[in-house]
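Novice: Next input, structure requested:
(one chain, ligands or ions: 1)
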Amino acid sequence: MSAERGARCTRSGAHDSEQALPPGARERGEVLLCRTFPCGPLTAVLPYEQSRILYGGIPVREAVVSVLDRVTQDTVRLELHLDDPDCQFDPGRFMELQAPGDEAGRAYSLADTGNWEGRLEFYVRLREGGHFSSYLADRARPGDRLTVHGPQGAFGLHETGLRPRWFVAGGTGLAPLLAMVRRMAEWQDPQPARLFLGVNEPQDVYGLDELAAVAVELPGFRYEVCVWKPGPGWFGPTGTPADLLAAALPEPGGAAPDLYVCGPPAMVDAVLRAAASAGVPPEQVHRERFLAT
Ligand SMILES: Cc1cc2nc3c(=O)[nH]c(=O)nc-3n(C[C@H](O)[C@H](O)[C@H](O)COP(=O)(O)OP(=O)(O)OC[C@H]3O[C@@H](n4cnc5c(N)ncnc54)[C@H](O)[C@@H]3O)c2cc1C
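Specialist: Now for the predicted structure:
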């Protein structure tokens, strides 16, 4: 999350991840607002709608684990229920989750839309030896109480008329994009929508039932899944989601779509290059990188 600089603020620029704030942006005077503290009155120009600004701080609440489902060998679908059923957020947001008795939090994108049942849905890729991954793989049980900080973030749908919306996901990067297409289905948005999902191997494919359910509800929604390292049993597209996107762009006779991209940093960067080569204006490309948190 970068934004124009204000006056009189301290920032921890030297320690910021270059993935989050590239050197060029730093030289232009941009800062990461989430790591910046005002020292006095300042004026900031923020590239967000006013409704995205939190005045009361990030909500911190408790939630109970209700579902733990291994959807692939290394991906867990995690469902939590907040004590408070008021669970409103825009699709694309993430929450920081803390395991019971744990100080360290990790960011996970919400896969479902806001609701009045207190339901929070996440897809977590388990990383070998990872802190939160080990909790989920070894110790987590339905009924555990987690601390959740959020919703947070600025990734989300942009209103740009009837321009097509294309979504490009790598692995669990599907989560926030699933939330967006689910919201489009709920609201019966008229924009044509396509989603490209890429995974490493055929056994890593997940989310097909959820995508099929959106396709039933949302006319004009199409999705494709590709596998980077196909085995003998895979008959679908091969390669990365960046390859799928490059093959689909530019759409003959059509306006360049708005792109929503989410996944590992290298995959997001490959998609950005494919979009730039095909002439998609940078302001039409919105992305969330799953950096280590
Ligand atoms: C805004 C945001 C949203 C995110 N949403 C999701 C999500 O919906 N689903 C999901 O699975 N992950 C998501 N992540 C990544 C997540 O926050 C954690 O970084 C990841 O789950 C690893 O946490 P851990 O505690 O298991 O591993 P850690 O103990 O933090 O790390 C274990 C090892 O894995 C490496 N590692 C950690 N994270 C990554 C990474 N993202 N890429 C490559 N190597 C890594 C570390 O360098 C370390 O070597 C998101 C990250 C961000 C910034």
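Novice: which parts of stretch 273-283 are buried?
Specialist: Applying a neighbour-count criterion of 16 or more other C-beta atoms under 10 Å, one finds 274, 275, 280 buried in stretch 273-283. Using the backbone N, CA and C atoms, a C-beta is placed for each residue, glycine as well.
Novice: what's near enough to touch the first one?
Specialist: Read that as residue 274. 242, 243, 245, 246, 249 (C-beta atoms under 8 Å, 6 or more residues apart in numbering).
Novice: same for the helix or strand that contains residue 198, what does it pack against?
Specialist: Following DSSP states H and E, one finds residue 198 within strand 193-199. Strand 193-199 sits against strand 165-170, helix 174-187, strand 221-227, helix 241-248, with contacts defined as 3 or more C-beta pairs under 8 Å, 6 or more residues apart in numbering; DSSP states H and E.
Novice: State the mean pLDDT of it.
Specialist: Mean per-residue pLDDT for strand 193-199: 97.
Novice: picking up where we left off before, out of the helices and strands packed on strand 193-199, deepest packed?
Specialist: Among these, judged by mean count of other C-beta atoms under 10 Å, the one packed with the most neighbours on average is strand 165-170 (a mean of 27).
Novice: which other helices and strands contact that one?
Specialist: Using 3+ C-beta pairs under 8 Å, 6+ apart: strand 165-170 touches helix 174-187, strand 193-199, helix 241-248, strand 258-263, helix 265-277.
Novice: The strand holding residue 198 versus helix 174-187: what angle between them?
Specialist: 160 degrees (axes from the mean of the first three to the mean of the last three C-alpha atoms, to 10 degrees).
Novice: Give the partner strands of strand 193-199 in its sheet and their orientations.
Specialist: Its sheet considered, strand 193-199 pairs with strand 165-170 (parallel), strand 221-227 (parallel) by DSSP bridges.
Novice: would you turn those strands into TSV with distance to residue 194 and mean pLDDT?
Specialist: TSV is the format used below for the strands paired with strand 193-199 (distance: least, C-beta to C-beta, whole Å; pLDDT from 0 to 100):
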stretch	distance to residue 194	mean pLDDT
strand 165-170	5	98
strand 221-227	5	97
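Novice: Tabulate the ones you listed (JSON lines), appending distance to residue 92.
Specialist: Shown next, in JSON lines, are the strands paired with strand 193-199 (distance: least, C-beta to C-beta, whole Å):
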{"stretch": "strand 165-170", "distance to residue 92": "11"}
{"stretch": "strand 221-227", "distance to residue 92": "17"}
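Novice: among the ones you listed, which is nearest the ligand?
Specialist: Set against the ligand and scored by C-beta to the nearest ligand atom, these come closest in strand 165-170, at 10.4 Å.
Novice: residues from the protein in reach of the ligand?
Specialist: Residues of the chain found near the ligand (C-beta under 6 Å from any ligand atom) are 94, 106-109, 122-125, 127, 129-133, 153, 172, 175, 264, 288, 290-293.
Novice: Now do the SS call for residue 81.
Specialist: Secondary structure state of residue 81, per DSSP: H, G, I helix; E, B strand; the rest coil, is strand.
Novice: can you list the domains in the protein?
Specialist: The record's domain split for the chain, according to automatic domain parsing, is 2-47, 60-152, 165-289.
Novice: Looking at these, which one is packed in the most?
Specialist: Sort these by mean neighbour count, taking mean count of other C-beta under 10 Å, and domain 165-289 sits at the top with a mean of 19.
Novice: gap between that one and the chain center?
Specialist: From the chain centre to the centre of domain 165-289 is a distance of 12 Å (C-alpha atoms, centre = their mean, to the nearest Å).
Novice: now do the same end-to-end measure for that domain.
Specialist: Start and end residues of domain 165-289 are separated by 19 Å (C-alpha to C-alpha, to the nearest Å).
Novice: Now tell me what touches the strand holding residue 198 from outside.
Specialist: Identification of contacts with strand 193-199 by C-beta under 8 Å, 6+ apart yields 164-171, 174, 177, 181, 184, 205-207, 211, 218, 220-228, 239-242, 244-245, 248, 257, 263, 267.
Novice: Repeat that for stretch 281-288.
Specialist: 92, 94, 109, 153, 155-156, 158, 160, 163, 173, 176, 256-262, 268, 271-272, 275-276.
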